[in-house]
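Enquirer: Below are the sequence and a predicted model; questions follow.
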Amino acid sequence: MIRIAADWLVTAADRPPLADHGLIVDGGSVAAVGPNADLAVSHPGVESVRGGVVAPGFVDTHMHLYGVLAHGIPLATAPTGFWSFLDDFWWPKVEDALDHEMIATATEWVCAELLASGVTTFYDILEAPFAIPDALLVQKEVVERMGNRGILSFEATERAGNGVVGLDENVRLIEACRGTGGLVSGMMSYHTTFTCSEAFIHEAFDRAADLDVLCHAHVNEGVHEPDWCLEHLGMRTFEFYERIGVASDRFLASQCVQLSESERRIVVDSGVRCAHMPLSNCEVGGGIAPVPELVGAGVTMGLGTDGYITDFFEVMRGAFLIHKARLTDPTVLPAHAVFGMATEKGANALGLEMVGRLEPGWAADLQILTGDVPTPIRDHNLFDQIVLWRNRSHVTDVMVAGEWRVRNGNVLDFDRERVRARVGEQAERMWAKT
Ligand SMILES: [Zn+2]
């Protein structure tokens, strides 16, 4: 049992922050929340830790751990657009080049990076068609060792001719995690409409229903997928998903940048869950997703890094800023709403229960931030202080399921220099393959 006393305690994005409050962690959960003085009396002799700001850990709803190996990759010619990005770069030079050793090393490094930036939960999508079978089991072993709460999936695709093997990979990971009581679990996943047939998409959703897990896909990252669907299927992407009967709350749709009015209605009415990646959407020139509109209509929406910039504070700032600019309205997506997407809403999008708040019975997934901002912290400004003026260097301690994973800014049981050197070696191997 541990007592954590905070100058400021954030229990949830929709609750006022509490001054001079703390919590009791018992096992993997929060056992009690209250004023520090009261908890000291009610729990005498319990190991205690003091922190500036204690808040729920972040939930990264969309990650490609292997993406780190592509940072800085040399390219003879830069991709000229979406199709050349995939055909000439991302598929041949990154995803098709991955093997188990590269995947394991990238996983270890990025798990540590995520923990160090306050991310306690992530959902990963691995596409490595020549690294299966067992790529997910390799990842599972590493994530379990690092101690993150992780949902893993393989992005099955028919583009490389082995689609069903990718679905099988997900089934085996999901079943390997079942009933273990561990922090790693699985999800069904396939790529997109333009790499997967209608029958294959049905197969993915049928398997997800049989296993009672969500089914994930990338949707409309730019104009290219809806244009492709109009040309080949005679309708836009979500119109197709509605027609074939898979638009439902079992569907986790990432990106959702370019949506027509009819597609927005389908997402809202069907209960499709969404993941928003404000920074990577900018990177690929995809556009700006209609996030305030979808959230305002009740869509469950999380935030993700997409294997691009993993400092979650930067991702929050991206979400906080770009929608105000697009809508020329400074009132949309206030800081507490963005913080909610970064925590509890993200957990909801991933189908996780009792994750993302610090209240009795909820998972003890938390971060401690320094509270040394130059202006006074008040309950009315703390979410702004966090979202706008903090970054990963202010995260001092991180706990996942009641276990410390970061103390005093250091990821525990992690040799940073050794793993950094290995990431460099694996990147060189991947870059040399093409
Ligand atoms: Zn992605």
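Expert: Thanks, I have it. Numbering: from 1, shown residues only.

Enquirer: quick one, domains of the chain?
Expert: Per automatic domain parsing, the structural domains of the chain span 2-56+361-411, 58-349.

Enquirer: now the end-to-end length of the last one.
Expert: Counting by C-alpha to C-alpha, to the nearest Å, the length from the leading to the trailing residue of domain 58-349 is 13 Å.

Enquirer: do the shortest one as well
Expert: Using C-alpha to C-alpha, the end-to-end distance of domain 2-56+361-411 comes out at 19 Å.

Enquirer: oh, and call the first residue 22 from now on, that's how I've got it
Expert: Understood, numbering begins at 22; the last thing we discussed is domain 23-77+382-432.

Enquirer: average pLDDT for that domain?
Expert: Here domain 23-77+382-432 scores 97 as its mean pLDDT.

Enquirer: any weak-confidence spans in the stretch 72-221 of the chain?
Expert: Applying pLDDT under 70 to the stretch 72-221 of the chain flags no residue at all.

Enquirer: Please, where are all the helices along it?
Expert: Listed in chain order, the helices found in the stretch 72-221 of the chain under DSSP state H, counting those that start in this stretch are 103-105, 121-137, 156-167, 184-198, 219-232.

Enquirer: which other residues reach the last one?
Expert: Outside helix 219-232, the residues within contact range by C-beta atoms under 8 Å, 6 or more residues apart in numbering are 177, 179, 184-185, 188, 191-192, 195-196, 208-211, 214, 217, 235-236, 238, 265, 267, 271-272. Yep, even glycine has a C-beta here, placed from its N, CA and C like the rest.

Enquirer: Deepest-packed of the helices of the stretch 72-221 of the chain, please.
Expert: Neighbour counts averaged per stretch over the helices of the stretch 72-221 of the chain are highest for helix 121-137, at a mean of 23; criterion: mean count of other C-beta atoms under 10 Å.

Enquirer: Can you name every helix or strand that that helix contacts?
Expert: Packed against helix 121-137 by the contact rule (3 or more C-beta pairs under 8 Å, 6 or more residues apart in numbering; DSSP states H and E) you find strand 79-84, helix 156-167, strand 416-421, strand 424-428, strand 431-432, helix 437-453.

Enquirer: So for E134, which of the ones you listed sits nearest?
Expert: strand 431-432 (8.6 Å; C-beta to C-beta).

Enquirer: burial measure for D290, as a count.
Expert: Neighbourhood size, D290 [other C-beta atoms under 10 Å]: 12.

Enquirer: what do you get for E282?
Expert: Once other C-beta under 10 Å is used to define contacts, E282 is seen to have 8 neighbours.

Enquirer: Check the one 4 residues further on too.
Expert: The number of residues packed around R286, counting by other C-beta under 10 Å, is 14.

Enquirer: Could you confirm it falls within a strand?
Expert: No. Inclusion of R286 in a strand is not indicated when DSSP: H, G, I helix; E, B strand; the rest coil is applied; the result is helix.
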